[in-house]
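Visitor: The following block contains a protein sequence and its predicted model.
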Amino acid sequence: MSDIIVTRRQILLAGATFVAGALSGFPRLAHAAAYPNRPITILIPYGPGGGYDSYAREFAAVLTHQLGVNVEPVNLPGGGGAEAIFQLQQDKPTGYHVSLINTLGILLSKNRQTINLDKLTWIANLGRDPFGLAVSAKSSIKTPEDIQKLGATRPISFASSGVDASFFAAKVFCASLGIGSKFISGYKGSVNSSVAVARGDVDAVVYSLSTLEKLQSAGLIRIVFSFEDKSSIPGIEDATSINKPDLANIYESRPIVAPPGLDPAIADVLSDNFVRAAHTPEVVAWASKIKTVLNPLDKKGTYEMFKSEERLVDKWRHIF
């Protein structure tokens, strides 16, 4: 067996390499330890008002208290919710800029080709708002079976504000029942869409259940289907009752993302604090008041949720 001879020069070189390697990671570790020490911005991919805006402002207030720095919500609408993400993916990964993201909206749009969702740093998910399908309060439609019967004679018309999660939900609902659909675009928001349904301009609308319940209370519409495993509204059909399980997996998620390449230690700080904020009495009371559904997930759970949404979109892409 031959001897292995290590010279003093080799030992010194090895030691220098070890020290250099250790020091190369020091700035990043020091940066993470000092984080955060200045204001953090939460981009909102839509204008003031609406679910994303409400989530950002509620969580920003709680996070400001938790982190000890100002957390500032900033509206950056445009591109159907994509403009904020375009900007974010070009930002330096410092941890001082994060954004809410409409995952389904981007997966369904042409922006999917220009935004690499896999490379974003997935931080947390805040909510999971189920959808509902509603018709005019005066409509003869009472159940999904009634919609199916009408759909056997002509396409079902929906009020639409664009290609988004509610559009996807309506398309998959009709395809699951084997009926045609058509979408009348140009409606701005849930109220305008619901007024169109109430007038009889269109047959139906799909929006978040919390929004539809308020409009139902106003006497404009009637909810006839819930995109849930088990309907949270007594007497309303759901994905299980009509044996269409995919419909329960279509919902409005509220994920938070950061630029690609964010230091995992900083991502952990953000993830932990967003999840912690979701369990505070302030946020729980706020969610109950506006009837939104909190669904706090850490960064791993949020990425897995995104991949599940991606698989569902790809499964149904043939209907578009």
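Guide: Cool, got the structure.

Visitor: Following the record's annotation, map out the domains of this protein.
Guide: Under the assignment automatic domain parsing, the domains of the chain span 30-129+253-319, 130-249.

Visitor: what ranges do the helices span in the stretch 1-150 of the chain?
Guide: Ranges of helices in the stretch 1-150 of the chain, per DSSP state H, counting those that start in this stretch, are 8-24, 26-34, 51-67, 83-90, 103-108, 144-151.

Visitor: er, the stretch 201-320 of the chain I mean
Guide: According to DSSP H, counting those that start in this stretch, the stretch 201-320 of the chain carries its helices in the segments 209-217, 264-278, 281-290, 299-316.

Visitor: now the angle from the top strand by length along the chain to helix 299-316?
Guide: Ranked by residue count, the top strand of the chain under DSSP state E comes out as strand 121-136. Inter-element angle recorded for strand 121-136 and helix 299-316: 50 degrees (by axes from the mean of the first three to the mean of the last three Cα atoms, to 10 degrees).

Visitor: Format the domains of the chain as CSV; extra columns: mean pLDDT and mean neighbour count.
Guide: Yep, even glycine has a C-beta here, placed from its N, CA and C like the rest. Formatted as CSV, the domains of the chain follow (pLDDT from 0 to 100; neighbours: other Cβ atoms under 10 Å):
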stretch, mean pLDDT, mean neighbour count
domain 30-129+253-319, 94, 18
domain 130-249, 92, 19
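
Visitor: Paired strands for the longest strand of the chain, with orientation please.
Guide: Strand pairing for strand 121-136, using DSSP bridges, gives strand 204-208 (antiparallel), strand 221-226 (antiparallel), strand 251-258 (antiparallel), strand 294-297 (antiparallel).

Visitor: List of residues touching stretch 295-303?
Guide: For stretch 295-303, the external contacting residues (Cβ atoms under 8 Å, 6 or more residues apart in numbering) are 121-128, 253-256, 267-268, 271-272, 274-275, 278-279, 305.

Visitor: Just the endpoints, please. Distance across that stretch?
Guide: End-to-end distance of stretch 295-303: 14 Å, with Cα to Cα, to the nearest Å as the criterion.

Visitor: Just give me how far it sits from the chain centre.
Guide: Distance, stretch centre to chain centre, for stretch 295-303: 11 Å (Cα atoms, centre = their mean, to the nearest Å).

Visitor: Stretch 81-101 now?
Guide: 14 Å.

Visitor: Tabulate the CA atom coordinates of it in CSV.
Guide: Extracted in CSV, the C-alpha atoms of stretch 81-101 (Å, rounded to 0.1, in the frame of the first residue of the first chain):
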residue,chain,number,x,y,z
GLY,A,81,-52.6,41.3,-13.0
ALA,A,82,-49.3,40.6,-14.7
GLU,A,83,-47.7,44.0,-14.7
ALA,A,84,-46.7,43.8,-11.0
ILE,A,85,-45.2,40.3,-11.6
PHE,A,86,-43.2,41.6,-14.7
GLN,A,87,-41.7,44.2,-12.4
LEU,A,88,-41.1,41.9,-9.5
GLN,A,89,-39.2,39.3,-11.5
GLN,A,90,-36.7,42.0,-12.6
ASP,A,91,-36.2,43.3,-9.1
LYS,A,92,-33.1,42.4,-7.0
PRO,A,93,-34.0,39.6,-4.5
THR,A,94,-33.5,41.7,-1.4
GLY,A,95,-36.7,40.7,0.4
TYR,A,96,-38.0,44.3,0.4
HIS,A,97,-40.4,43.8,-2.5
VAL,A,98,-43.0,41.1,-2.6
SER,A,99,-46.3,40.8,-4.5
LEU,A,100,-49.7,39.1,-4.4
ILE,A,101,-50.2,37.1,-7.6
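
Visitor: quick one on the thing from earlier: of all the helices of the stretch 201-320 of the chain, which lies closest to residue 174?
Guide: Among these, helix 299-316 comes nearest to residue 174, with 11.1 Å by Cβ to Cβ.

Visitor: So the nearest residue to residue 160 once chain neighbours are set aside: helix, strand or coil?
Guide: Excluding the flanking residues, the one nearest residue 160 by Cβ to Cβ, 6 or more residues apart in numbering is residue 183, at 4.1 Å. Put simply, residue 183 is strand when judged by DSSP: H, G, I helix; E, B strand; the rest coil.

Visitor: For residue 183, give its distance to residue 262.
Guide: Distance from residue 183 to residue 262, counting by Cβ to Cβ, to the nearest Å: 37 Å.

Visitor: repeat for residue 115
Guide: As defined by Cβ to Cβ, residue 115 lies at a distance of 16 Å from residue 262.

Visitor: Ok, residue 197 next?
Guide: 43 Å.

Visitor: what about stretch 105-114, how long is it end to end?
Guide: Stretch 105-114: ends 13 Å apart by Cα to Cα.

Visitor: same check, this time on stretch 222-237
Guide: Start-to-end, stretch 222-237 (Cα to Cα) is 13 Å.

Visitor: Spatially nearest residue to residue 157 (excluding sequence neighbours)?
Guide: Nearest one to residue 157, counting by Cβ to Cβ, 6+ apart, is residue 202 at 4.3 Å.
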